[in-house]
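Engineer: Sequence and computational prediction follow.
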Amino acid sequence: MNEYILIVLIIFLAGFTQGLSGFGSILLALPLLSIFLDIKTVIPLVALQGLFSTVLLLVGLRKDLEWKKVLPLFVGSIPGVPIGVFFLKTVNTDSIQLAMGLILVSYACFSLSFRPVLWEIKTTGALAAGFLAGCLGGALGASGPPVIVYTSLQPWTKSTIKATLQGFYTASGLVVVLLHALNGLTTIPVLWYCLISMPALILGTYFGSFFYGRIGDRTYKKIMLILLALLGVFLIYGVL
């Protein structure tokens, strides 16, 4: 199959996942695209696509967005990034990836089996979740899991959860895309692949959002937990 068709299909699926759940597009697209594209092309490509998808969703969720919920997550992530980069240079990141995968699978399976306890986590908890997100982003390029777990524990509606995730991903994504551009990673091939797959991303995000609008809060949280478990399996598989 032509690689352009494969890219379009993968980006469509990534957009659908992001539109439905509010997360997962990068962790889904990155390993699949890296099968037939150079990783130095894939990383800035999925960063650009992920940012565009979150901005699309954020426009539709702007009424549910509360920046006071996003800010401590983003502020907490800033000091975590250089620490994550330090671990990337000095520690076996396979161990970090395996541990995170096992934690995500265990948490998701437990929450699906038993009714999770929900509580309003204060600013300190948000800063801690953001810090862990920054550490993972610096070490593995995957900052989402701690923030997803944090929001899933909150007694928020699905719209508040999804809007908070998009707010965090937009803020952090802008930083990542800017750093990629300044370091010369956003090349002409990256922009070309981004351009040809953009209609698929928009369409996938639209269809994901369409189905999102037809599920209730409890079903949405179940979908979040199932996708968290799958992301955990992806992380574990990447080590084995």
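Structural biologist: It's in.
Engineer: Helices of the chain, residue ranges please.
Structural biologist: With DSSP state H as the criterion, the chain has helices at 3-21, 25-33, 39-60, 67-90, 93-113, 123-140, 144-152, 158-182, 188-212, 217-239.
Engineer: which of the residues in the second one are buried?
Structural biologist: So the one you mean is helix 25-33. 25-30, 32-33 (16 or more other C-beta atoms under 10 Å). (C-beta placed from N, C-alpha, C; glycine too.)
Engineer: cool, the fourth one as well?
Structural biologist: By neighbour count on 16+ other C-beta under 10 Å, the buried set for helix 67-90 is 69-77, 80-81, 84, 87.
Engineer: The third one now?
Structural biologist: Within helix 39-60, the residues that qualify as buried by neighbour count (16+ other C-beta under 10 Å) are 41-54, 56-58, 60.
Engineer: ok, the buried residues of helix 25-33 vs Phe110, which is closest?
Structural biologist: Leu27 (20.8 Å; C-beta to C-beta).
Engineer: Does that closest one touch Leu231 like I think?
Structural biologist: Yes. Counting by C-beta atoms under 8 Å, Leu231 is a contact partner of Leu27 at 5.3 Å.
Engineer: Run a quick neighbour tally on the nearest residue to Ser159 once chain neighbours are set aside.
Structural biologist: Leaving aside its chain neighbours, Ser159 sits nearest to Asp64 (4.1 Å; criterion: C-beta to C-beta, 6 or more residues apart in numbering). Asp64: 18 surrounding residues under other C-beta atoms under 10 Å.
Engineer: picking that back up, could you dump the buried residues of helix 67-90 into CSV with pLDDT added?
Structural biologist: Formatted as CSV, the buried residues of helix 67-90 follow (pLDDT from 0 to 100):
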residue, pLDDT
Lys69, 91
Val70, 92
Leu71, 93
Pro72, 93
Leu73, 93
Phe74, 92
Val75, 93
Gly76, 91
Ser77, 88
Gly80, 84
Val81, 79
Gly84, 74
Phe87, 72
